[in-house]
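>>> 3D model of this:
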Amino acid sequence: MKKIVLTIMVAASIIFTGCKESTKKDIDKETTEIGNDIEDGLEDAKEGLNDVGNDIEEGYNDTKNSIASAFDDIRIPEFDDEKAEAHLKNYAEYVKMQMDKGAENIKNSEFTQKTKEFAKESEIYMENLGSDAKAAFKATMAKIDAKAQEIENDFED
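As a prediction, this is how the structure comes out:
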């Protein structure tokens, strides 16, 4: 961008100081050269922006893949109560989706409020589960919460 502005300023000063003695052909030639320089500068800037865009996209995809793989080791156990199982799956999907959106979503109050709502609803679903299933349910919720906290900490670093 600085090259473009500098090129335009140099070209303008050449035109203004040289116009007194130059012919129309010289002015046209200089204008064409300046236009070509500007065009080259714009191409360079466009290539630079494309490189930056590609780097950002690559970083985003890497982060997204690491978030997805972070949840690979969390398995939702099967319960006799299908609603409890569905609730746990919904919670895991919600947390994963928010993490895919970025660290800001994990830190915002809406996310915190929604996880509290999931926790309250979890208490209701756990009432219908046996002691082993209840322990598995709690352990899975804890794993999901721990992953969210771990990835939040990674985003801060």
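
>>> these two touch, right, A11 and I34?
Yes: if you go by C-beta atoms under 8 Å, A11 and I34 touch, sitting 3.8 Å apart. Backbone N, C-alpha and C define where each C-beta goes, glycine included.

>>> What's the local residue count around F118?
For F118, the count of nearby residues is 19 (other C-beta atoms under 10 Å).

>>> helix, strand or coil for D80?
Secondary structure state of D80, per DSSP: H, G, I helix; E, B strand; the rest coil, is coil.

>>> OK, contacts around the closest residue to it other than its chain neighbours?
In this structure, D80 finds its nearest non-sequential neighbour in A133, 6.9 Å apart by C-beta to C-beta, 6 or more residues apart in numbering. Contacts for A133 (C-beta atoms under 8 Å, 6 or more residues apart in numbering) come out as P77, F79, D80, D81, A84.

>>> got those residues as CSV, with distance to A92 columns?
Formatted as CSV, those follow (distance: C-beta to C-beta, whole Å):
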residue, distance to A92
P77, 12
F79, 14
D80, 19
D81, 17
A84, 13
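
>>> Restricted to buried residues, select these in ChimeraX.
One line in ChimeraX is enough to select the buried ones among the contacts of A133; burial here means 16 or more other C-beta atoms under 10 Å:
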select :79,81,84
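
>>> can you tell me which of the contacts of A133 lies nearest to N50?
P77 (46.8 Å; C-beta to C-beta).

>>> mind checking the SS state of that closest one?
Secondary structure, three-state DSSP: P77 is coil.

>>> Grab the nearest non-local neighbour of it.
Nearest in space to P77, with sequence neighbours left out and distances taken as C-beta to C-beta, 6+ apart, is A136 at 4.6 Å.

>>> thought that neighbour was touching I76?
No: using C-beta under 8 Å, A136 is not in contact with I76, being 9.5 Å away.

>>> so how many other residues sit close to A86?
Applying other C-beta under 10 Å, we find 13 residues neighbouring A86.

>>> ah, wrong one, I meant E85
Neighbourhood size, E85 [other C-beta under 10 Å]: 19.

>>> Need the pLDDT of it.
The per-residue pLDDT reported for E85 equals 86.

>>> Flag the shaky bits of the chain, pLDDT-wise.
Counting by pLDDT under 70, the chain has low-confidence residues at 15-25, 55, 57, 59-72, 102-108, 151-157.
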